[in-house]
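Enquirer: Quick check, what structure comes out for this input:
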Amino acid sequence: MKKKLSILIILLFVFFGAFAQQQDSVNRVSRFTLEDCINYGLKNNNNRKSTSLSTIASEVAYRQSKMDRLPSVSASATQSVGNSHNATNGGTSWNGNYSVNAGLSLYNGGYLNKLIQKSNLQVNQANLQLEQTDLDLTIQIIQSFLTVLMNNELYSYQQLVVKTSEEQMLQGKDQLEVGKILESDYLLLESQFTTDKYNVENTKIAIESSLNTLENLMSFTSTQQLIIVTPDSSTLNNLQQIPGLQQLITESVSWLPSLKMSENSIQLASNDIEIAKSSYYPGLDLNASIGSNYVNDNGTFGKQIENGLGEQLSLGLNIPIYNKNKTKSQVRQSEIILQQAELDKKQLLLDVVKSLENEYQNVLTAQNKHRASEVKKNAYLASYQVYNEQFQQGSITTVELLQQQTSYLNALNEFLQNKYSFVLNRKILDIYMNVPVKL
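Expert: Purely as a prediction, here's the structure:
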């Protein structure tokens, strides 16, 4: 009996332990701050990984370009069999030829060295492209993260509104039963309650949609639920301090990957000119070979290889005389590409400065809208609370109450839109100034 009881107790422990583990697995969540989302996205985003592979490929090409200065070595071996029906010396014969060859470019007008420089510049370009990808991805993640925050905050407000609407509807039902309000007024309250409930459901859908967008940007594949951490309100208040326009421009143009890529493109174009000019110069190559042969009826294999051993060393000089003006045309085309790259850089700098000025003005505008809409929201909230009390006392009509509630909800939506629009634009300034992203 005691043995059976012990077994039963053990089984119960196993069952409830497994059940608890399953519940922990189901309820397990991943809580991410904005910094966590950005770091996770920069590590796992598939498009970012693809760009990173391009960087690795350029590094492989660069290492190969340096190896091209080394001599090339190859070996060859040919073995053949023949048969003769000659009555005197016919029969089967075996023949073999063996050689090792080496070649080295001694001079080619600096062509190989310029190719190495070009490959190195291409590595720089690939790294800069990766930095640009990181910058773009960071902005997208911030935008998506703030959209989730906005929807979450809207959802919290709407839940309070639904609760108030339900209380108003229940109170209206009581007033209808005692004849204090018309049935049409009660139906308006009921309709408003239904609308508010649908608004909550629609916001829940919007939250899921914005979370899906954020997870897609992060390439978040975990089975855990992604929960974003709402920043402290004091953190958002610190964003009210805006740097000067000149500081923004100076710090941004000193590091932005797009501007560095344009400068690197100029160096690439200049390098291509030197590569094209290398065709004007002669080329000098050194080649060497060693070989031997073997025939089966001329003695032992080792002796024949030793006797037939031969070496050859050659020096080849290739002097360009006339190639139908191809080199001159290539040089001219490369010079044109350089001029285009220089013009592109000048135009890009103008565009970047103009874009920074627009971003700065957007921040100031968003800040003003945020402050104004906050005052408006608070005013309409206070007014709505007064109207709600007056409705409970029966001193105003249902229509007046609902009109005030609608005005408050519109002011609330406007406030939230302006609030997170300001935060987004303000954080973009930090990104352009290469300030660590925190929220």
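
Enquirer: C-alpha only now, for contacts and for neighbours.
Expert: Will do.

Enquirer: Skip the chain neighbours and tell me the closest residue to residue 94.
Expert: residue 81 (4.6 Å; CA to CA, 6 or more residues apart in numbering).

Enquirer: and residue 83, helix, strand or coil?
Expert: strand (DSSP: H, G, I helix; E, B strand; the rest coil).

Enquirer: I'd like to know how many residues surround it.
Expert: Counted with other CA atoms under 10 Å, the neighbours of residue 83 add up to 10.

Enquirer: Equivalent analysis for residue 351, please.
Expert: Residue 351, neighbours per other CA under 10 Å, totals 12.

Enquirer: Which strands or helices does whichever strand or helix holds it pack on?
Expert: Under the criterion of DSSP states H and E, residue 351 resides in helix 326-393. Applying 3 or more CA pairs under 8 Å, 6 or more residues apart in numbering; DSSP states H and E, one finds that helix 326-393 contacts helix 245-253, helix 257-277, helix 398-432.

Enquirer: Including distance to residue 92 and mean neighbour count, could these go into JSON lines?
Expert: Output for the helices and strands packed on helix 326-393, formatted as JSON lines (distance: least, CA to CA, whole Å; neighbours: other CA atoms under 10 Å):
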{"stretch": "helix 245-253", "distance to residue 92": "80", "mean neighbour count": "16"}
{"stretch": "helix 257-277", "distance to residue 92": "56", "mean neighbour count": "20"}
{"stretch": "helix 398-432", "distance to residue 92": "81", "mean neighbour count": "19"}
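
Enquirer: Ok, which of those comes nearest residue 179?
Expert: helix 398-432 (14.1 Å; CA to CA).

Enquirer: got the contact list for the residue nearest to residue 94?
Expert: 92-95 (CA atoms under 8 Å, 6 or more residues apart in numbering).

Enquirer: Please list the members of these that lie in helices.
Expert: Members of the contacts of residue 81 lying in helices (criterion: DSSP state H): none.

Enquirer: Closest one to residue 373 out of those, please.
Expert: Among the contacts of residue 81, and counting by CA to CA, the member closest to residue 373 is residue 95, at 96.0 Å.

Enquirer: Near the closest one, how many other residues are there?
Expert: Residues near residue 95, counting by other CA under 10 Å: 14.

Enquirer: sorry, back to before: which stretch among the helices and strands packed on helix 326-393 comes nearest residue 68?
Expert: helix 257-277 (15.3 Å).

Enquirer: all strands for the stretch 101-250 of the chain, in order.
Expert: Taking DSSP state E, counting those that start in this stretch to define them, one finds strands in the stretch 101-250 of the chain at 225-228.

Enquirer: how about the helices of it, start to end?
Expert: Shown for the stretch 101-250 of the chain, the helices assigned by DSSP state H, counting those that start in this stretch span residues 111-177, 183-218, 233-237, 245-253.

Enquirer: now could you export just the CA positions of the third one as PDB?
Expert: Included here for helix 233-237 are C-alpha records, laid out as PDB according to Å, rounded to 0.1, in the frame of the first residue of the first chain:
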ATOM      1  CA  SER A 233       7.800  59.700 -19.400                       C
ATOM      2  CA  SER A 234      10.900  61.700 -18.200                       C
ATOM      3  CA  THR A 235      12.800  60.100 -21.100                       C
ATOM      4  CA  LEU A 236      10.300  61.600 -23.500                       C
ATOM      5  CA  ASN A 237      10.500  65.000 -21.800                       C
END
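
Enquirer: starting at the chain centroid, how far to that helix?
Expert: How far helix 233-237 lies from its chain's middle: 28 Å, per CA atoms, centre = their mean, to the nearest Å.

Enquirer: With stretch 371-379 instead?
Expert: 37 Å.

Enquirer: quick one on the thing from earlier: could you measure the residue nearest to residue 94 against residue 251, distance?
Expert: 77 Å (CA to CA, to the nearest Å).

Enquirer: Least reliable of the helices of the stretch 101-250 of the chain by average pLDDT, please.
Expert: Of all those, helix 233-237 carries the lowest average pLDDT, namely a mean of 72.

Enquirer: which ones are touching residue 35?
Expert: The contact partners of residue 35, by CA under 8 Å, 6+ apart, come to 437-439.

Enquirer: run the last query once more with 10 Å
Expert: Contact partners of residue 35, counting by CA atoms under 10 Å, 6 or more residues apart in numbering, are 41, 138, 141-142, 436-439.

Enquirer: Mind pulling up the pLDDT for the nearest residue to residue 149 once chain neighbours are set aside?
Expert: Nearest residue to residue 149 in three dimensions, chain neighbours excluded: residue 230, at 6.8 Å (CA to CA, 6+ apart). We have a pLDDT of 89 for residue 230.
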